[in-house]
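A.B. asks: I would like to see how this sequence folds:
(one chain, ligands or ions: 2)
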Amino acid sequence: MDSSAAAAVVTPAVTPAVYGASDRPPRGDYSRGGAVLADYTCPQDWASYTPADHDTYRRLYERQVAQLPGLACDAFIEALPSLGVKDRIPRFDELNERLHRATGWEIVAVPGLIPELPFFTLLANRKFPVTDWIRKPEEFDYIVEPDVFHDLFGHVPMLFDPTFADYVQRYGQGGIKAHELGAGEKLARLYWYTVEFGLIRQPDGLRAYGAGILSSVGELRHAVLSDEPRRLPLDLLRTMRTRYKIDTYQANYFVIDSFKQLFDLTEPDFTPLYESLKVAPDIEAGVLLPGESCKA
Ligand code: PHE
Ligand code: FE
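C.D. replies: Ligands and ions are numbered 1, 2, ... in the order given. Predicted structure coming up:
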């Protein structure tokens, strides 16, 4: 990232375009009196959280941690304590000391969803954007847009895994290229079906590694145990053809065998794949193609 641009205090002129099926404008204060920088990062205003905000985080954490055994992947469970405090919203700076030591990643605060190019650029620089606001008590069970609980609890433990952490950086680098090639929306589907809603087959069974699953009280069981959703092996073309909904449980999931497999699968240049995607029609969420079986 261009550090001079990052240092300039410029309020972004646009609010982000959001992929997926939703017509709501993004939530979050993108003006904030000039505190949002040109790269969409902002300070985490920790002092502005209320006791009720901290309590919401504490209750979400407590509820979610109880249902992880047998459903969340080992890498996630092992790294979760590295988030630090459980009874209030962590200070990003304090968490960054551990994260940076582990994998060279750091988290940066953002006001909410951000446009694809700044998003890809942050990831390419091993900076993970974390929304700094927390949901209202009445949204305790379900929230469409990411808040600080989803971003921290769901995403950050996985960034302690060295192979997965490298994958996310490479995804960001690939994203900058996809943006130039007009393929950003297709590549966003790969993020959706891996980083957000990925499943992994461990020796002891199917587990979740996607943050959208791991931070959701209902979707964790649905994704790993329910007979309802389709589960297919991760295939780049198939995955990037598949649409998704952002406001219901997923109708299909894509399964990997290991993070090394994910890393190796995404190593080749995607340019020819983007060419194929221009002519391959989209597939609706939950639909199986002829010859596909949903037992991944
Ligand atoms: N190999 C991809 C490309 O050439 C980059 C990439 C890596 C994309 C990892 C996604 C995930 O575009
Ligand atoms: Fe997310």
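A.B. asks: For the residue in the stretch 151-296 of the chain that ligand 1 sits nearest to, what is the enclosing helix or strand?
C.D. replies: At 2.4 Å from ligand 1, residue 174 is the closest residue in the stretch 151-296 of the chain, using C-beta to the nearest ligand atom. All C-beta spots, glycine's among them, are computed from the backbone N, C-alpha and C. Using DSSP states H and E, the element containing residue 174 is helix 162-180.
A.B. asks: Which residue ranges of the stretch 151-296 of the chain form strands?
C.D. replies: Taking DSSP state E, counting those that start in this stretch as the test, the strands found in the stretch 151-296 of the chain are 199-202, 205-208, 230-233, 252-256.
A.B. asks: Pretty sure residue 271 is one of the things the residue of the stretch 151-296 of the chain closest to ligand 1 touches, is it not?
C.D. replies: No. Taking contacts as C-beta atoms under 8 Å, residue 174 lies outside contact range of residue 271: 10.3 Å.
A.B. asks: if I pick the residue most central in space within the chain, what's in contact with it?
C.D. replies: Residue closest to the mean C-alpha point of the chain, counted by C-alpha atoms, centre = their mean, is residue 196 at 4.3 Å. Contact partners of residue 196, counting by C-beta atoms under 8 Å, 6 or more residues apart in numbering, are 210, 211, 212, 213.
A.B. asks: returning to what we had before: which one of the strands of the stretch 151-296 of the chain lies nearest to ligand 2?
C.D. replies: Shortest distance between ligand 2 and the strands of the stretch 151-296 of the chain, using C-beta to the ion, is found for strand 205-208: 13.1 Å.
A.B. asks: How about that closest one, which residues are buried there?
C.D. replies: Neighbour counts over strand 205-208 (16 or more other C-beta atoms under 10 Å) mark 206, 207, 208 as buried.
A.B. asks: what's near enough to touch the residue lying closest to residue 166 once chain neighbours are set aside?
C.D. replies: Counting by C-beta to C-beta, 6 or more residues apart in numbering, residue 263 is the residue found nearest to residue 166 once chain neighbours are left out, at 6.3 Å. Residue 263 sits next to 163, 166, 167, 170 when contact means C-beta under 8 Å, 6+ apart.
A.B. asks: Counting neighbours, which of those comes out on top?
C.D. replies: residue 167 (22 neighbours; other C-beta atoms under 10 Å).
A.B. asks: what's the closest non-adjacent residue to the residue nearest to the centre of the chain?
C.D. replies: Residue 196 sits nearest to residue 212 (C-beta to C-beta, 6+ apart), 4.1 Å away.
A.B. asks: how much space between that neighbour and ligand 2?
C.D. replies: 6 Å (C-beta to the ion, to the nearest Å).
A.B. asks: What's the per-residue pLDDT of that residue here?
C.D. replies: Turning to residue 212, the model gives it a pLDDT of 96.
A.B. asks: again with residue 143
C.D. replies: pLDDT, residue 143: 84.
A.B. asks: what secondary structure does it sit in?
C.D. replies: Three-state call for residue 143 (DSSP: H, G, I helix; E, B strand; the rest coil): coil.
A.B. asks: Wait, it touches residue 134, no?
C.D. replies: No. Counting by C-beta under 8 Å, residue 143 sits too far from residue 134 to count as a contact (9.5 Å).
A.B. asks: So for the two, which sits in the more crowded spot?
C.D. replies: The residue with more neighbours, out of residue 143 and residue 134, is residue 134; 23 against 17, by other C-beta under 10 Å.
A.B. asks: what's near enough to touch the residue nearest to residue 196?
C.D. replies: By C-beta under 8 Å, 6+ apart, the contact list for residue 212 reads 150, 154, 196, 197, 219, 250.
A.B. asks: please redo it, this time with the cut-off set to 10 Å
C.D. replies: The contact partners of residue 212, taken as C-beta atoms under 10 Å, 6 or more residues apart in numbering, are 146, 150, 154-155, 192-193, 195-198, 219-220, 223, 244, 246, 249-250.
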